[in-house]
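Chemist: Following is a predicted model, sequence given first.
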Amino acid sequence: MPRIQVAVAVVAVLAFTTRLAAADDVAPGSKDRGTAFWLSGGGTAVSVGLVLAGGSTHSSMLTSVGALASLVAPSAGEIYAGKMFTAGMGIRLASLGVGAIGAAELARCSFPLVEAGGCSGGAGGGVALFVLGALGYWSGITYDIATAGRAVDDYNQRLRLRVTPTLIPTPSSGPAVGLAVGGSF
């Protein structure tokens, strides 16, 4: 084996194993499915509670904080498992857009405009879009709460698999470079 290949192999092994050893020293432990579920469900309950409290006290600040929290709070369990953006969060954002279009259509077709003929076709389309957006938003919340445990399982599975470069001496042709795969299944 030419010297350059041996040198590259040695440098690669040292670089990768040094990095992996440092990563192993600070690697987090496994996460708990129950914690993920309670973070998602509890965060959602808190955000709904803030919206309801804001509505009953006529506090637009509480209502706004609760509404904004409802975008992120249902994803708390998946964020705990290392996923910063979730499918449920995407569903909620898309549904928010659909609901906003429906609300804009409803505002455009308010009662005085309907009387004056300024709203063609009535407000049925706006109502349908608004309801569709609300159902989609709730579906995104439900999806994130339901998949929090699976996100933790995926996180814990990634902790179990290890791949590291190896340099194995052979009697006939010098060192051989390869990858060692280890894990617990």
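Modeler: Yes, it's here.
Chemist: rest of the way, CA atoms for contacts and neighbours
Modeler: Will do.
Chemist: which residue is nearest the centroid of the chain?
Modeler: Geometric centre of the chain, nearest residue: Thr86, 2.5 Å, by CA atoms, centre = their mean.
Chemist: Can you read off the backbone torsions of that one?
Modeler: phi -120, psi 160 (degrees, to the nearest 10).
Chemist: from memory it sits against Pro74, does it?
Modeler: No: with contact defined as CA atoms under 8 Å, Thr86 does not count as touching Pro74 (9.8 Å).
Chemist: residues shared between the contacts of those two?
Modeler: Asp144 (CA atoms under 8 Å, 6 or more residues apart in numbering).
Chemist: Scan this protein for its longest helix.
Modeler: helix 124-160 (DSSP state H).
Chemist: Run through the residues that contact the closest residue to the residue nearest to the centre of the chain other than its chain neighbours.
Modeler: Spatial nearest neighbour of Thr86, excluding adjacent residues (CA to CA, 6 or more residues apart in numbering): Ser75 at 6.8 Å. Ser75 sits next to Ser40, Thr86, Gly88, Met89, Ile141, Asp144, Ile145, Ala148 when contact means CA under 8 Å, 6+ apart.
Chemist: from what I can see the last one touches Gly82, true?
Modeler: No: counting by CA under 8 Å, Gly82 is not a contact partner of Ala148; they are 10.7 Å apart.
Chemist: For these two, indicate the residue with more neighbours.
Modeler: Ala148 (29 against 13; other CA atoms under 10 Å).
Chemist: Tell me how far the longest helix of the chain lies from the chain's centre.
Modeler: 10 Å (CA atoms, centre = their mean, to the nearest Å).
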